[in-house]
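K.L.:
Test case, fold it:
(2 chains)
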Amino acid sequence: MSDQEFMITMKDVNKWYGDFHVLKDVNLNIKKGEKVVICGPSGSGKSTTIRCLNHLEQFQQGQIFINDTELIDDVKVVRHIRSQVGMVFQHFNLFPHLSVLENLLLAPTWVHKKPRKEAIKTAMYYLERVKIADQAHKYPNQLSGGQQQRVAIARCLCINPEIMLFDEPTSALDPEMVSEVLDVMVELADEGITMICVTHEMGFAKKVADRVIFMDAGQVIEENEPHEFFENPQSDRLKLFLDQILSH
Amino acid sequence: MATYTMKEAKPAPSTNKGVIFWLRENLFPDVKNTLLTLAGLYFLYTILPPLLNWMIFDATWSGSKEDIVNSGARWIFIVEKFDQFIYGFYPEALHWRPNLVAIICILFVFSFKYIKSIKVKIAGIILFPIVCYILISGGVFGLETVPTEKWGGLMLTILVAAVGIVASFPIGIVLALGRQSDMPILRTLCIGFIEFVRGVPLITILFMASVLLPLFFHDGIEFDKLLRALIGITLFQAAYIAEVIRGGLQAIPKGQYEASEALGLSYWQGMILIILPQALKISIPNLVGSFISLFKDTTLVLIIGLFDILAMVTLTNSDTNWLGFEVEGYVFVTIIYWVFCFSMSQYSKSIERKFNTEH
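P.N.:
Down below sits the predicted model:
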């Protein structure tokens, strides 16, 4: 089986919300260390696709393998997979009743059972990395959107994940804060972590992605390396999409 | 091209502050409000002086019954019957036991937020009721047993309210979570219980607890009357708490559940560490409202023959030496209730401030 060489494999994944067919035979193979950007119009199933990868959404048909483990609806399997997959959300989803540092300590101490001192050391290291260590004792609502999203990224890194999923990480940010978050993501990309990013930031895609995937109406329409993807789109729908988002 | 320099912040104009400004702004801004202010002042003028005269200036505070000369309140009645109002029929020589419990209770409540270690907190929460029960009830460590029939007055009121509040809280949380569960049988059971209890008056539940419950047990088993009332009140209160907490749970954005799941936290870890702290924080005002009404509802235990502080008014007035002192009794009890309810409401505000992380 070819699963061995891929970090993530999706085989003919189908999903329905009631009667609505959201994912249609999605196939995806992602190698270790690969950076993949998924784009497409809203409602095309891109968020749903990556949310299936850490079982926030369940699919009805097909198979998903993460790091050789098949993702099935079983508490132990799901926990095992979630311990390797970090997710950054559009709306940050930091825990507002906990300080920044406590947000970062939660998973390491409760899920991975690390000693608190060690967890604090790791947390401060990653806060340093996202350039926000001086805010460690503030509460999330005291920070700007860009700072919150960087904390959210640090929170994921604390569990030392093999894979990072980004679900439109810059869509809820004020324009002047987008770049501080993208900068952190670019740095991460350079370190060889496997990344799947749903985003409309085409500049980021061009700069970082090994591969760009275009989805529409629950299907993968086109995938290519970034240069070809943007310069030489094949399908009409991708051409139209690129026209619309790059025209201004 | 035009350029601009940054401006310094200026102080607000002097007409914008001070006592006169406040008065004009708040009491006499226009004709309508001025009339309302004057009407309000007149109302206070007619009410306050007679009330103060009766309660304080013309009141009889000490001495014996024969010393009553003034037309004001005869507080000597309260002084005379004070022990009964507070302790009911609890033996006088043993009053130090409820007193000690009260002191422990106050120390516990006020030191609680300064205790750092979670383990000490949990140990305190578990040990505290046991110590209180042993002290009040006796029967071990050479403490004389005081049967529950002798408990009464304010002591009983606080005891019933405290047990109702403390015991109903965890049950309410479980019911609220059960109501939101994915498991259909559990959910149906929780909804059924909540809706049944909320559809029945507390009096009915107390009657059921005191009259119906013993029918289910064999003759030999004697179920304490107070215990039955406590179980009834706890279950009643739990249903209301469950609905208050459900409101809080529904206010938590879906993203919080998703983030805690994505980090790999289990259902209970997510609930205890992420969701419940936030849901409870939102629910504090409603929870305290619910606790305050429970505190007042405890007077209903009168109908199953338990004498709380309100029942003591009637009881003390049946003393042939002290007939016709109901008014003083009721006013006294009103003040006691108000002090307790107001303190609870203030305590809740201080907790709200403490948990506020929005600043």
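K.L.:
For B:Met208, give its distance to B:Leu215.
P.N.:
Going from B:Met208 to B:Leu215 by CB to CB, to the nearest Å gives 10 Å. Quick note: C-beta positions are derived from backbone N, CA and C, even for glycine.
K.L.:
okay, the two: which has more neighbours?
P.N.:
Ranked by neighbour count (other CB atoms under 10 Å in any protein chain shown), B:Met208 and B:Leu215 place B:Met208 first, with 13 against 6.
K.L.:
Enumerate the residues of chain A near chain B.
P.N.:
Contacts of chain A with chain B, taken as CB under 8 Å from any CB of the partner chain, map to A:54-56, A:75, A:79, A:82-83, A:85-87, A:89, A:91, A:93-97, A:106-107, A:110-111, A:139-142, A:155, A:159.
K.L.:
Inside strands: which ones of these?
P.N.:
Members of the residues of chain A next to chain B lying in strands (criterion: DSSP state E): A:85-87.
K.L.:
Now list the buried members of these.
P.N.:
Neighbour counting with 16 or more other CB atoms under 10 Å in any protein chain shown marks A:85-87 as buried within these.
K.L.:
closest to chain B among those?
P.N.:
Taking CB to the nearest CB as the measure, chain B lies nearest A:Met87 of those, at 4.3 Å.
K.L.:
who does that closest one bridge with?
P.N.:
Following DSSP bridges, A:Met87 is listed with bridge partners A:Leu165.
K.L.:
from what I can see it touches A:Glu57, true?
P.N.:
No - when contacts are counted by CB atoms under 8 Å, A:Met87 is not listed as touching A:Glu57 (11.7 Å).
K.L.:
Pick out the residue nearest the middle of chain A.
P.N.:
In chain A, the centroid-proximal residue (CA atoms, centre = their mean) is A:Leu165; its distance is 1.6 Å.
K.L.:
check contacts around it.
P.N.:
With contacts defined as CB atoms under 8 Å, 6 or more residues apart in numbering or on different chains, A:Leu165 is in contact with A:50, A:53-54, A:85-88, A:196-197.
K.L.:
Now the two most distant members of those residues.
P.N.:
The most widely separated members of the contacts of A:Leu165, counting by CB to CB, are A:Asn54 and A:Cys197 (14.3 Å).
K.L.:
Throw the buried ones among the ones in strands among the residues of chain A next to chain B into CSV and include distance to B:Tyr90, thanks.
P.N.:
CSV is the format used below for these (distance: CB to CB, whole Å):
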residue, distance to B:Tyr90
A:Val85, 62
A:Gly86, 61
A:Met87, 60
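K.L.:
so where's chain A shaky on pLDDT?
P.N.:
A:1-4, A:248 (pLDDT under 70).
K.L.:
quick one: contacts of the helix or strand hosting A:Arg237?
P.N.:
Per DSSP states H and E: A:Arg237 is located in helix A:236-246. Helix A:236-246 is contacted by residues A:39-41, A:200, A:202, A:214, A:216, A:221-222, A:229-230, A:233 when judged by CB under 8 Å, 6+ apart.
K.L.:
can you pull the buried residues of that helix?
P.N.:
Buried positions in helix A:236-246, judged by neighbour count with 16+ other CB under 10 Å: A:237-238, A:241-242.
K.L.:
So the residue nearest to the centre of chain A versus A:His112, what's the distance?
P.N.:
Distance, A:Leu165 to A:His112, by CB to CB: 19 Å.
K.L.:
again with B:Ile173
P.N.:
Between B:Ile173 and A:His112 the computed distance is 27 Å (CB to CB).
K.L.:
more crowded one of those two?
P.N.:
Remark: of B:Ile173 and A:His112, B:Ile173 carries more neighbours, 21 against 13, as counted by other CB under 10 Å.
K.L.:
How about the contacts made by that one?
P.N.:
Listed by CB under 8 Å, 6+ apart, the contact set of B:Ile173 reads B:241-242, B:245, B:276.
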